[in-house]
Structures are given as C-alpha cells and as structure tokens.
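Peer 1: Provided below are the primary sequence and the corresponding predicted coordinates.
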Amino acid sequence: MTDGDDHGGDADDGGDADDHGDDTDDHGGRLARVRAGTEARALTALAVLTSLTLVVAFYYPTATVLVEAVVVDGAVTLGVFADVLTDPFYFGELARLLSGEPPGVVARALLSPDRRLGIVGFTAYQAVLSTVASVALGLPAAYLLARFEFPGRKTLRSLTIVPFVLPSIMVGVGFVATFGQNGTLNAALSALGLPPVDLMFTLEAVVIAHAFYNAPLVARVTTAAWESVDASAVETARSLGAGPVRAFVDVVAPQVYPAVLTGAALTFVFTFGTFPIVLALGGFELATVEVFVYRLVRDLNYAEAAALAVVELVVSLAVLLAYLRYEARNATSTRGARPLPRRSLVPPSLSPRELLPRAGLAAYGVVAAVVFLAPIASMILASVTGGDGALTLDNYRFLVERQQTGAAFQVRPWPAIRNSLAFAGAATLLALPMGVVVAVLTTRRYRGRTLVDAAAMAPLAVSGIIVGLGLLRGLVFGVEIAGWRIAAGGAVAIVVAHAVAGYPFVVRTVSPGLSGLDRSLVESARALGASRARVIRDVELPLVWPAVVAGAAFAFAISIGEFTSTVVLATGADAYTMPVAIERFIGRRLGPATAMGVVLLVVTGLSFVVIERLGGEHRGL
Amino acid sequence: MTTDESETRRRPARPHTRRRFLTAAGAAGAVALAGCSAERTGDGDEGGDESGGDGSDGSDSSDGSDGEGDGETPTLTVATYANFIDAPSVSPGEWLKEEFESRFDAELEWATPDNEVNYYVERAASGAGVDADLYVGLTTEDLVRVDEELDDDLFAERGSVDGFDDVREGLLFDPFERAVPFDTGYVSLVYDGTTAEAPETFDGLLDDEHAGALIAQNPGGSATGRAFLLHTINRFGDGGVASDGDGEAVSGEDGDPDYDYLDYWADLQANDVRVLGSWDDAYTAWSEGEAPIVVSYSTDQVFADMEGENLEEHQIRFLNDQAYANPEGMAVFADADEPDLARQFMSFVLEPDVQGEIAQRNVAFPATGTAELPSDYAELAQEPADPVTFTYDELQGSVDAWVEAWERQFAGN
C-alpha cells in the first residue's frame, strides 16, 4: 500500500470526471446521476471560487507591489535585484559569489572566523535555530497530548494554540517581566541560590520567543497526525513480533514525520518573516529582512522593498516546496479508523519502561512552565498591577469606562471582541472549503503541480507588510474599469483577507491525511456511484476529521491575531478587532493594553475550547 | 464583482440550506460580492465615497442618513495619526471635534489611516483621489518624503489663516508655506533618578559608568529613534555620507571634522547601547528596569504626575542642554472638497484657548506664543535651553542616506 496516486483518471480535476468516469457509473440511477452531476459541478465551482478569491484578495494586490521590484519609473529593469543580490550587507559572502568572484575565494571567506552572513543569511540562521527550538519544545507536548489521558486533556489541547494569537507587544511585556534582569526567572533562580541569567536583548531571547509562538503550532499539527494513527496497524506489527520501539519506528513515526515537518516548515517560514518581536527582545543588531522591508516601505522606497520581499518569498517558498516534495514522496496509507488507546499519566507500575517517559514529561513540564506559562502569567499580572506596583483593577475599569464613554471614532472593547469573533468565525467558514478544495487538488499528481502548490502556499510566504500595502492599492483604492472605480473595504473584505491568510493552514493540516488515505476506499465509493464531491464529504473528510478541526482552529487563530490587513481594510472604528484595540490602548502605562490583552487571551482560549468541542461531536465513522 | 453598490450592499447572508461544506462555498461567493463599492470616475464627483480603508467614521456613524442634498451641514474630514484621537490617557480629538462643531456650522469627521501621510501619497499616486480635507500631524520629514515621491502637489498653499503671525518663528518648517505648525515636542533622555544619574553630555554617555545604561529606538521605525539619530548628526556631523561624492558634509557642533555620528554610534555600541524597535518596546524595557535611561519625550513627567508616580523615577535630561525638536503641522489637501472650511479649522486651532487645550491633551507644547496654558504647565513639561532641528532643506536628499548608513554600520551581520 504505497501512495496509490497512480490511478489515472481518478477525478484529478475534480469537476468533469463523472462525464467520462468508470464504466460502473452505468449502474447508478438516473436521479443519482443528476445529483452526482450537480455535486461534481459544485466541486469545480468551489475550485473556481477559491481561485477567484485568491486572485482578488491576494495575487492581484500583492502583485501591484512586487512588480515595483522590476518596473522602475515605467521601465523594466533587473538592476534593483542585481544591487540587492550583490550587496554584502544583505547577502554577506554570498554576495561576492553573485557578483562574480571565484567560488573558491568565497568558500574560504565563508570558513573564516570573520565571515559575514548578511541580513538574509542571518535571518535564515535565526529561523533555523527557532525552528529547532520550536520542534524540540513542541514534540513532547504532542506526545503528551496524543498518547496520554488525564483530566483536562482536551481543554489543554485546545488552549495550546493560544500563544499563537498574542500580539508581539503582549509577548514583549510577558518576556521582559519573565526573563528580564528583575524578572520572575531570576527571582526563582536567586531563591534557589543560583546565579542570575541575562537573557534579554540576545539571540536566545528571540529564539525562545519564536518557540513560544511556534512550538504550539508544531504540537498541534503533530498531535492531530498522531491521533489519526490507526491502532490496528500497530497491533498488527506487534502481533508479528515487533517490539514497541520497532512498532513506533516502523508504523507510528512514518505517519507522524510529515506533520512534524509541516510544523517545522511553517515555523521556518514564519520566523524567516519575523518582525516586531526581534527588535523588541533582541535589538537592532539582530535585525531581519522584514525590518528593512518595513523601513523601505515607510520611506516609500518601493523598488528595494519589493526586491527584498521577493527574496523573502523565494526563500520561504523554496523551503515549503522542498517540504511538499518530501510529503508527496512519503505519503503513507492509512484508514485511520481507530486511534491508539491513550495511557494514563499515573504509571500503572513502577517499571523503568513506564516511569521513564513520564519522568521525561515531568521535566518537560518544568521547561514548558518557564517558556509558556510564566510569560502569560506575567502578562496577566501586569494587567492587574498599577503604576505604584500594588494590585488593582483600574486597567479593567479603564476598559469598562472606554466602552461607556468612548467616542464613536475611538476603539471600544466590546465591538472589538464582537468583531474579532465574527470575523474569525466567518473567515474560518470561508477558509475551510477553500483549504479542502486546494488540498484535494494538490494531493493528486499531475504536471505543474509544484506550481499549484507554490501558488496555494504563497499567502504564507509573502511579507505581511507587502500584503497590507497591496490590499490598500488593490482593494481599498480598487481598480478602474470602464470609467468605474471598483473598490472593496470593510468587514467583508477583512473576512476574505483573513480567510486567504488562514486557508493554507487548512491545506497543510488536511493534505497529508488526504494523500495518505487508502485509495481503495475512494475507489469503492466512486464505483458505487458517489460523485467526487460526495466522496470527499462522506468518506475522506470524516477520516481526516482531526486534521480538519486543527486546520479550522488555525484559520480561526490567524484571523484573531491578524493586524495589518484589518487596519488597512477597516472603514471605521467599529470594524476594529481586539489586536487593534490592544495597539490603541498602548500608552506610556502598559496597564490598559495588557488588560485588553488578557481579554483577548480569555476570549480566544474559550473559542478554541468551543471549536474543538463542536469539532469533536462530528467526529466521523 | 458588481458595479451596483445599492443592490449588493445590504444583501443579507444567505441562509444555510445545503450541507455545510457546499454552503460555505456559496457563502464565499456571496461574501466576495457584498463588500464591493463602485464609483464613477473622471467626472469630478468625488463626494459620495463611503468606502476606503482610511479609518474614517463614514458609513458607520450613528446618524443613519447619508443624504447628500444641498444646504446640509458641510462635513470637514480631518486626517491625522491614531493617537491624536485615541489614546488610553488623553488625546485632543474628541474635545476638538465638539468645540469645532459648537463654533462652526459644520461636522468634523476624523480619518486615521494606518499608513498616516503615506496613505494619501498612495491614494494620490494611484489616481484614487484624496478623500480628506486636511492633514493634522505633518513633520518636516513627511513633507520631504511627500515632495520627493509626488510630482503634483499633495498639499495646497497655506492661504489666509488667522493667528498665523502668532506662530513662534523657530517652528516654521515648511519653506513652501503649506504646513502651519500647531504644536511641538522635544525628544530627550528620561532616566530613573533613583538608580542612576544621566550624563550631561553626549560624550558622557560613552563613560564606563553608563555602559548598557541607554535604550534607544530604531531610527527606521520610530519617531523618537529618528529624532535621537538626527540629534547625534547635528552634534557630530554626518561625515559626508549623504554627499554623493561632492565632498559636501554636514559639520557637527562638536567642531571635530574627523569624528562623525557614525563614529559616535560605534562608540555607543561599544558601550552597550540598546536599540529596540519602537518607543513602546523601549519604554517597556526601561519601565521594567532593564536599563536606567531611555530616549523619550521631555513631557514624561506630565504623564507620571497624571498617574501619581514618583517623579524622581522620571527625570529629564537635555544632553548638552539641547533636545531635538519635532514641530507638527497641518496642511490643506490640494484636492480638498472644503478648502475654506479647512482653513477656518486651521485658524480655530491657532486660537489661544485651543492651542492650550491641544498642548495639554496631546501632552506637547503650543506652536503660538499666545497660547493659554495653566501657569504650572512648564513645571512638568520641560523645554530645553537650546532646541535643535534640521530644516527641510537639510533633510532633503540626506535623511535616507543618514539612516541607511547608520543601519549598515549598526546591524552589519
């Protein structure tokens, strides 16, 4: 049972497959065929709508900006690119290679102690470190959540995604309060008689903050894959004489790897495009590419900004595509019907085999408490601390007051909460069908699939600053067609923009499961006369349901945390969301902003619990 | 997409009739249509545009009627930065709107696009038309940038504005007489007097005892960061980095032609200065005690006093008795629908009582010499003996190169 994708006319193109499909269709009734036809067209229509949405809300807007890298003052030129690529400031020693120096000289320079990485090289370097840290911190969590049973497990699993939505200002506050000179960590260390650590404004602080954001992502996608492992496959292996380790390596691991790599690839892409948090916790010495994109856009130097953004895009897409190639080659087949039984956290016996994993998890718990819980606890503490250091509810009183007396043009807490939830709910509902249809289209093999993959994943890889500017040009200002200027803005545009940003997560969580499905299931259903759309809905999606729910949670999270396109597309203060409210409430005193941040924390935490409870009820088969 | 706004605008979401998977797809289509607006271009009618991401309070105001009939109260759309109308402590926006509307038969609408002035540069460049009457909060650098980017004028000439003669002379920053200054602020050092004593001079910051003591901000992304960088250039000279090889250089007040701002920053970096991203980043780290000195505004004690904090922890230091001045101006858009009303607004802003209110609510200093301020205002809001600032002409063609040279030295990875 390998990848099973070599069954030629298997409705690869979604839509018209029924017209020249298997001859067994003849056995289906006329009515069924009419309905099947409608359903088949539904899939095509869905694919077309998804493409249109992407063109209108992403490709066209982004292209209006990126094109400035090659069109300067109306003339096409590669000069800007050449300047960037041969600039040692950006490309370090590599720039010398690109400007024509012999490879040997450059190689020697790269090996010398005073080599220059350049901004791009450094950005990739810190992204690799952040990815390693995120995987290291995410995997044990996935192991705990997928393999053990304990009270509050489901809630904990739902809450793991919360760090993902926190605005950088909140994380900055939490990190300084936790890892700063006078922070919680140093207080704990000195209580234990240990020397203090000076973590702030170092690469380590930045890497830990990136892990704070992205380890939950690794944990979530891995947990979903682990939960989809079919117990009977493991049991078969065991009954054939494989030990537990061997069964894990041969059966479980191959099904979990792709998810770990999904998490790793996404983490790399996110941390490669990192921006405010690097400067908040690291300082300008650690500036990344996006810092320069931001400054160049601010100074209206669009050509160089666009060229840098294209460089970012190429690097990020290369990583994503390399990963997708791996995923395609290593798809393993599963029916995923019955998940592995969970073990109790309390060891059933005192044997080393039972104790060791639990001791490891206990050690991980301590690390997780420092990296994840302490910063969040510090944010909460900051929200109830007054200027004099005493406990107070003043900051929450500020939120209530602002709600009651704020002017119509000011951001008020309740509309922000309401908008966040409404936009995120709508964006998730939009992102799910978009993500599923793209996942269906990209788990088949055909010429040019790489291109489709790249196009589908591009929203993850383009600089957020460039997307924001593009939306301004492409949607808010609109396009002029036959004497009419057609523009879009407001709540609907925000929802669409959020869905476009979130749908790649649905693709990435659903796609590995879909490509791993036993093709015979799909073929049987098709042979029985089910349309392609119907097979997806009734057979395939239920089998990968945990991945669908995970994708929905990510789409929701992306929308809740989104800032740039929201402020660009909002037509008034009543379209603002919680992250915008937090940004507006930042003043000289951090109290009001942190109070709003805690509101964001609670509201999104509750939402994730609800989403997954709802998702769980519909669990298929 | 549709070209008929009225038909699609209020269409309710389609109810769920089919199964979830397919319904959501249908909704996606309906949704994509519903946010569109269309407007005829090229016939000079730019009045009725309600859409656009300028953050203006247009389609959502509570009055419910957007009639455009003649003889109605005119609406003045004032674009500004977000903090001018919405800040957790105080901001002048609400008071200004109420006061203006009570004195004039007009409605004032705020617009706070996220990209600030750049939003209007983009609008003008894309041919979408400028949808505001005047901008409040222009700096010298904004004008330089706007003028470099656009061939046509974004702003109109000042015209006749009552009270303009009262504006303090040192604040007039627009050589082309478009922007009218309405307040000013100074970027200085703020330090915690209970843990350290800030040095009195730039050179003092290089002393060992101040190693790791200063937190500044990225000049590429923060106004205070940029002001501090410009101040160091004013002090030490630019070493000719913006001269294009013609040997022209800005000489520093230190009188040493061989020591420029990049040398000073190399020394600062060696003394462990922190350059964080935004003013928020820096102020947060400073408040948590990561370092005793931060680059901030000379009005810090006004806020500290407002919040009952210990003023000893909020001391102001003017290095070499100087601070970089950032006057803010307002100017009428060349495309304004209500240019006369916009000029009335500018006159209104320069009136003595309004000047006093803006200064207090924006926690800044008035632009006119006739402003009415409480007698104790100067006790907490401090002004340097010797304010420094670069003129429009000095910044033009130089400021980008200055920032870039600094970035390349400071971040050289």
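Peer 2: Arrived safely, thanks for sending. Numbering: from 1, shown residues only, chains lettered A, B, ... in the order given.

Peer 1: Helices along the stretch 1-150 of chain B, start to end?
Peer 2: With DSSP state H, counting those that start in this stretch as the criterion, the stretch 1-150 of chain B has helices at B:5-9, B:20-34, B:82-85, B:93-103, B:117-126, B:140-149.

Peer 1: Over to the stretch 251-400 of chain B?
Peer 2: B:261-270, B:279-287, B:300-306, B:339-350, B:352-361, B:377-380, B:392-395, B:399-410.

Peer 1: can you pull the alpha-carbon coordinates of the third one into PDB?
Peer 2: Once non-C-alpha atoms are left out, helix B:300-306 reads as follows in PDB (Å, rounded to 0.1, in the frame of the first residue of the first chain):
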ATOM      1  CA  ASP B 300       7.400  62.400  30.600                       C
ATOM      2  CA  GLN B 301       6.700  64.000  34.000                       C
ATOM      3  CA  VAL B 302       3.300  65.200  32.900                       C
ATOM      4  CA  PHE B 303       2.100  61.600  32.400                       C
ATOM      5  CA  ALA B 304       4.000  60.400  35.500                       C
ATOM      6  CA  ASP B 305       2.200  63.100  37.600                       C
ATOM      7  CA  MET B 306      -1.200  62.200  36.000                       C
END
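
Peer 1: Of all the helices of the stretch 251-400 of chain B, which one is nearest residue B:121?
Peer 2: Closest approach to residue B:121 among the helices of the stretch 251-400 of chain B is made by helix B:399-410 (15.2 Å; C-beta to C-beta). Backbone N, C-alpha and C define where each C-beta goes, glycine included.

Peer 1: weakest of the helices of the stretch 1-150 of chain B in terms of mean pLDDT?
Peer 2: Sorting those by mean pLDDT places helix B:5-9 lowest, at a mean of 32.

Peer 1: show me the contacts for the residue of the stretch 251-400 of chain B found nearest chain A.
Peer 2: Residue nearest to chain A within the stretch 251-400 of chain B: residue B:277 (2.8 Å; C-beta to the nearest C-beta). Residues near residue B:277 by C-beta atoms under 8 Å, 6 or more residues apart in numbering or on different chains: A:276, A:278-280, A:284, A:291, B:217-218, B:221-222.

Peer 1: Now, these that are in helices?
Peer 2: Counting by DSSP state H, the part of those found in helices is A:276, A:278-280, A:291.

Peer 1: Kindly identify which of those also come near chain B.
Peer 2: A:276, A:278-280, A:291 (C-beta under 8 Å from any C-beta of the partner chain).

Peer 1: Could you single out the nearest of the residues you listed to chain B?
Peer 2: Taking C-beta to the nearest C-beta as the measure, residue A:279 is the one of these closest to chain B, at 2.8 Å.

Peer 1: State the number of residues packed around the closest one.
Peer 2: Counted with other C-beta atoms under 10 Å in any protein chain shown, the neighbours of residue A:279 add up to 31.

Peer 1: just residue A:409 next, same as before
Peer 2: Residue A:409 has 23 neighbours, counted by other C-beta under 10 Å.

Peer 1: Setting the sequence-adjacent residues aside, check what's closest to residue B:275.
Peer 2: residue A:284 (4.0 Å; C-beta to C-beta, 6 or more residues apart in numbering or on different chains).

Peer 1: Same check on residue A:125?
Peer 2: Nearest one to residue A:125, counting by C-beta to C-beta, 6+ apart, is residue A:117 at 6.1 Å.

Peer 1: again with residue A:615
Peer 2: Here the nearest residue to residue A:615 in space, its sequence neighbours aside, is residue A:549; by C-beta to C-beta, 6+ apart that works out to 3.4 Å.

Peer 1: That neighbour contacts residue A:611, correct?
Peer 2: Yes. With contact defined as C-beta atoms under 8 Å, residue A:549 and residue A:611 form a contacting pair (7.2 Å).

Peer 1: show me what contacts residue A:66?
Peer 2: For residue A:66, the contacting residues are A:306, A:309-310, A:313, A:462, A:466, by C-beta under 8 Å, 6+ apart.

Peer 1: which residues of chain A score low on pLDDT?
Peer 2: Residues of chain A that meet the criterion pLDDT under 70 lie in A:1-40, A:331-337, A:445, A:616-621.

Peer 1: And the strands in chain A?
Peer 2: A:71-72, A:75-76, A:148-149, A:343-344, A:479-481, A:484-488 (DSSP state E).

Peer 1: Dump these to a markdown table, plus mean neighbour count and distance to residue B:389.
Peer 2: Shown next, in a markdown table, are those (neighbours: other C-beta atoms under 10 Å in any protein chain shown; distance: least, C-beta to C-beta, whole Å):
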| stretch | mean neighbour count | distance to residue B:389 |
| --- | --- | --- |
| strand A:71-72 | 14 | 33 |
| strand A:75-76 | 8 | 38 |
| strand A:148-149 | 14 | 64 |
| strand A:343-344 | 13 | 69 |
| strand A:479-481 | 15 | 41 |
| strand A:484-488 | 22 | 39 |
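
Peer 1: got the residues of the stretch 251-400 of chain B near chain A?
Peer 2: Contact residues (C-beta under 8 Å from any C-beta) of the stretch 251-400 of chain B with chain A: B:274-278, B:280-281, B:283-285, B:287-290, B:300, B:303, B:307-309, B:400.

Peer 1: Buried ones among these?
Peer 2: Among those, those buried by neighbour count (16 or more other C-beta atoms under 10 Å in any protein chain shown) are B:274-278, B:280-281, B:283-285, B:287-288, B:290, B:300, B:303, B:307, B:309, B:400.

Peer 1: tell me the centre residue of chain B?
Peer 2: The structure's chain B has its C-alpha centroid closest to residue B:137; by C-alpha atoms, centre = their mean the separation is 5.2 Å.

Peer 1: still on that earlier bit, can you tell me which of the contacts of residue A:66 has the most neighbours?
Peer 2: Counting neighbours by other C-beta under 10 Å, residue A:309 comes out on top of the contacts of residue A:66 with 31 neighbours.

Peer 1: and that residue, what does it touch?
Peer 2: By C-beta under 8 Å, 6+ apart, the contact list for residue A:309 reads A:65-66, A:69, A:293, A:462-463, A:465-466.

Peer 1: ok, now how distant is it from chain B?
Peer 2: Distance of residue A:309 to chain B, given as C-beta to the nearest C-beta, to the nearest Å: 16 Å.

Peer 1: What is the neighbour count of residue 136?
Peer 2: No chain was given, so I picked chain A. The burial count for residue A:136: 14, using other C-beta under 10 Å.

Peer 1: wrong chain, I was asking about chain B
Peer 2: 26.

Peer 1: can I assume it is in contact with residue B:333?
Peer 2: No. Applying C-beta under 8 Å, one finds residue B:136 not in contact with residue B:333, separated by 11.5 Å.

Peer 1: Setting aside sequence neighbours, what's the nearest residue to residue 105?
Peer 2: Let's take chain A. In space, and not counting its chain neighbours, residue A:105 is closest to residue A:96: 7.3 Å by C-beta to C-beta, 6+ apart.

Peer 1: try chain B instead
Peer 2: Here the residue nearest residue B:105, using C-beta to C-beta, 6+ apart, is residue B:73, at 6.0 Å.
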